[in-house]
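Asks: structure for this input, please:
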Amino acid sequence: MRVESHRTNFSQLDLARGFAERIRTCGGEISSLGELPPLLANALKEAGLFRLLLPASLGGSELSLPKYLRCIEAIAEADGSTGWCVGQGGVFCNGADGLPEGVADNIWGQNPNAVVATGTPSDNVAVERDGLYYLSGHWRFASGCMHADWLGAMADITDSSGQSQFGMCIVPKESVALGGGWNVTGLHGTGSREYSAENLAVPEGHAVPIAVFRSHCGVATGLPNGLLFASSFGAVGLGIARHAIDALVDLAQDKVPAFGNRKLLDDEMVHVGLAHSEARWQGARAFLLEMAEECEYQRARNGQPNGPVRTRLRLAATSAMRTSGEVVDKIYELAGSDGIFDDHPIYRCFQDIHAVMQQIQARPAHYRSVGRALIGVDSEESVG
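Replies: As a prediction, the model looks like this:
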């Protein structure tokens, strides 16, 4: 249960919540396909849920950070993979107003429903010849690539003078060779497959320095992509954990454990574990939204959130992911053997949250970076 009558609803949140039942109905298909079903993905696109952070000048919602996070959380509560895909695709829009002239229009202006997926690189290169960059390499973990229109392929970009810098080549999905490589249980429905390219010609404007994505602060939030990915995935974790808590409450109404004589509903250890889990979830969510709202406040007044609030946003996002994992672990324990079956929502939540926690944005090393800033060893401006 969310106790937040002081936070008003808005049309995009109503849309996100309105998709919940449809997403849950697609749960079996998401699991069997290992990706979002095309009809569902297209409906999410057409509803504008992939362009929540896209600048209004390109047809996006240009939502503030707290509103964006509430939308992602609502979708992830219905299904972790769907929340992850919408969050992953949505954050890429943050860099749209920092792209070279004409590139953003080429991507989103000509197709308002366009989605860009990325992928983890491995010794990939793009070399300039005669005004084009020729891209070769292999990428893994391209979340949402099955419903994407474009791929942001990270690579070392070398110009005609021989100078190199790390960057991203934004290419049409149909121009690469899609592979498999997504043999997982957690977040299985994200379709995070691998892809490859060999001497793929990329127009100059579509070979973009990585600073546009790492350092550029988008018009919607005044924050760089790294902090937005962390915050978005924190919201995904919270949505998954909320689903798990509510699923345990439903299970407890009727379940009598084997060799027992009373329902979970009457088990004192379930009462204690559930209360602790609820408190931890509420605390992690409150911290994330508090920092997101402070970012919105500073954005409106100063143009950009300052170093201290960005540091604490990183901490809140890391805490949201890792606390959600601990909450789901406790719920899984309290559920007993029901929670080990593929078709039980608690099992899905357990698998999904552990996939979230393995992602780079959730790594415990972020606590060290934040701690160094808080104690004064490093500048708070350096945490991102």
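
Asks: can you give me the helices in the stretch 101-250 of the chain?
Replies: Remark: helices assigned in the stretch 101-250 of the chain by DSSP state H, counting those that start in this stretch are 103-104, 211-214, 225-252.

Asks: so what secondary structure elements neighbour the second one?
Replies: This points to helix 211-214. Here helix 211-214 touches helix 225-252, going by 3 or more C-beta pairs under 8 Å, 6 or more residues apart in numbering; DSSP states H and E. Quick note: C-beta positions are derived from backbone N, CA and C, even for glycine.

Asks: what comes up buried for the helix it packs on?
Replies: 225-245, 247-248, 251-252 (16 or more other C-beta atoms under 10 Å).

Asks: for this structure, give me the ranges with low pLDDT.
Replies: Low-confidence segments of the chain, defined by pLDDT under 70: 258-261.

Asks: kindly list the longest helix within it.
Replies: In the chain, with assignment by DSSP state H, the single longest helix is helix 268-302.

Asks: next one: the next helix or strand after it to chain centre, how far?
Replies: Counting by DSSP states H and E, the element after helix 268-302 in chain order, helix or strand, is helix 307-335. The chain centroid and the centroid of helix 307-335 are separated by 14 Å under C-alpha atoms, centre = their mean, to the nearest Å.

Asks: for helix 307-335, packing partners?
Replies: Contacts defined by 3+ C-beta pairs under 8 Å, 6+ apart place helix 307-335 against helix 225-252, helix 268-302, helix 345-357, helix 365-375.

Asks: can you say which of these is nearest to residue 58?
Replies: Closest to residue 58 of the helices and strands packed on helix 307-335 is helix 225-252 (C-beta to C-beta; 16.5 Å).

Asks: packing partners of the closest one?
Replies: Partner elements for helix 225-252 (3+ C-beta pairs under 8 Å, 6+ apart): helix 65-78, helix 80-92, helix 211-214, helix 268-302, helix 307-335, helix 345-357.

Asks: highest mean neighbour count out of those?
Replies: By mean neighbour count, with neighbours taken as mean count of other C-beta atoms under 10 Å, helix 80-92 ranks first of these at a mean of 29.

Asks: what is the distance between that helix and the centre of its chain?
Replies: Remark: helix 80-92 is offset 4 Å from the chain centroid, using C-alpha atoms, centre = their mean.

Asks: got the angle for that helix vs helix 345-357?
Replies: 30 degrees (axes from the mean of the first three to the mean of the last three C-alpha atoms, to 10 degrees).

Asks: convert helix 80-92 to PDB, retaining C-alpha atoms only.
Replies: Extracted in PDB, the C-alpha atoms of helix 80-92 (Å, rounded to 0.1, in the frame of the first residue of the first chain):
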ATOM      1  CA  GLY A  80       9.700  -6.500 -13.500                       C
ATOM      2  CA  SER A  81      10.800  -7.100 -17.100                       C
ATOM      3  CA  THR A  82       8.400  -4.600 -18.500                       C
ATOM      4  CA  GLY A  83       9.400  -2.000 -16.000                       C
ATOM      5  CA  TRP A  84      13.000  -2.600 -16.800                       C
ATOM      6  CA  CYS A  85      12.400  -2.200 -20.500                       C
ATOM      7  CA  VAL A  86      10.400   1.000 -20.200                       C
ATOM      8  CA  GLY A  87      12.900   2.500 -17.800                       C
ATOM      9  CA  GLN A  88      15.900   1.500 -19.900                       C
ATOM     10  CA  GLY A  89      14.400   2.900 -23.100                       C
ATOM     11  CA  GLY A  90      13.000   5.900 -21.400                       C
ATOM     12  CA  VAL A  91      16.400   7.100 -19.900                       C
ATOM     13  CA  PHE A  92      18.000   7.200 -23.400                       C
END
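
Asks: identify all contacting residues around stretch 344-358.
Replies: Applying C-beta atoms under 8 Å, 6 or more residues apart in numbering, the contact partners of stretch 344-358 are 27, 31, 80-81, 84, 184-188, 233, 236-237, 240-241, 243-244, 247-248, 251, 321-322, 324-325, 328-329, 331-332, 335, 338-341, 362.

Asks: tell me the contacts of the closest residue to residue 46 other than its chain neighbours?
Replies: Spatial nearest neighbour of residue 46, chain neighbours left out: residue 113 (6.0 Å); criterion: C-beta to C-beta, 6 or more residues apart in numbering. By C-beta under 8 Å, 6+ apart, the contact list for residue 113 reads 42, 45, 46, 50, 51, 149.

Asks: these in helices, which ones?
Replies: 42, 45, 46.

Asks: which of these are buried?
Replies: Applying 16+ other C-beta under 10 Å to the ones in helices among the contacts of residue 113, the neighbour count classes residue 45 as buried.

Asks: returning to that earlier point: now the helices and strands packed on helix 307-335 as a markdown table including distance to residue 143?
Replies: Shown next, in a markdown table, are the helices and strands packed on helix 307-335 (distance: least, C-beta to C-beta, whole Å):
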| stretch | distance to residue 143 |
| --- | --- |
| helix 225-252 | 11 |
| helix 268-302 | 21 |
| helix 345-357 | 10 |
| helix 365-375 | 20 |
